[in-house]
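A.B. asks: coords please:
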Amino acid sequence: MPPSESRSWWVYILRCGDGTLYTGIALDVPARLAQHRAGTGARYTRGREPLELVYQEASPSRSAATRREAAIKRCSRRQKLQLIGMSDMNEGDCPVASLPLMPRMRGIPRAPHVVTGRSPVTTSE
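C.D. replies: Okay, here's the model as predicted:
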């Protein structure tokens with residue numbers, strides 16, 4: 001097995017100097033953090049130093065890490081703070097706290113289903 005196949009993908013959250021949170025994925029989190037700090041990482045983190053790694057979670061594949069990243073990005077700030085353990089909220093207050101880590105993605109908050117109020121189009125013969 002090539003070395004790249006044996007490495008895990010990671011989902012990580014950084015706390016920026018302005019207090020905002022940035023979520024990303026990487027094979028090598030320390031190297032990616034160094035890129036962010038050098039100004040060669042994501043555009044969002046540039047100029048928001050100092051950057052602190054506050055959360056990381058292993059994923060079995062890049063696609064799983066990307067799905068988890070997207071799920072975390074859809075969460076509110078309050079939910080993200082609870083996920084990283086920076087909140088004293090009760091566990092029942094936030095659906096993120098009960099999310100499985102990986103690979104199953106059940107219970108992840110999803111975008112709301114859009115209901116148009118229209119009836120399905122039917123054709124008569």
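
A.B. asks: what is the burial count for residue 34?
C.D. replies: 13 (other CB atoms under 10 Å). Placement of C-beta: from N, CA and C, glycine included.

A.B. asks: where's it, which helix or strand?
C.D. replies: Remark: residue 34 resides in helix 29-38, with elements defined by DSSP states H and E.

A.B. asks: tell me the helix or strand right after that helix.
C.D. replies: Reading on from helix 29-38 to the C-terminus, the next helix or strand found by DSSP H and E is strand 52-59.

A.B. asks: quick one: strands adjacent to that following strand?
C.D. replies: The pairing partners recorded for strand 52-59 under DSSP bridges are strand 9-15 (antiparallel).

A.B. asks: tell me the first helix or strand C-terminal of the partner strand.
C.D. replies: Using DSSP H and E, the helix or strand that follows strand 9-15 in sequence is strand 21-26.

A.B. asks: that following strand vs strand 9-15, what angle?
C.D. replies: 160 degrees (axes from the mean of the first three to the mean of the last three CA atoms, to 10 degrees).

A.B. asks: what about the longest helix in the protein?
C.D. replies: Looking across the chain with DSSP state H, the single longest helix is helix 62-74.

A.B. asks: in that helix, what's buried?
C.D. replies: By neighbour count, and taking 16 or more other CB atoms under 10 Å as the criterion, the buried residues in helix 62-74 are 64, 65, 67, 68, 69, 71, 72.

A.B. asks: again with stretch 47-56
C.D. replies: Judged by neighbour count using 16+ other CB under 10 Å, the buried positions of stretch 47-56 are 48, 51, 54, 55.

A.B. asks: which one of the buried residues of helix 62-74 is nearest to residue 27?
C.D. replies: Nearest to residue 27 out of the buried residues of helix 62-74 is residue 65 (CB to CB; 9.2 Å).

A.B. asks: lowest-confidence helix or strand of this structure?
C.D. replies: helix 3-6 (a mean of 52; mean pLDDT, DSSP states H and E).

A.B. asks: can you list the low-confidence ranges for this protein?
C.D. replies: Flagging of the chain using pLDDT under 70 yields the residue ranges 1-6, 87-125.
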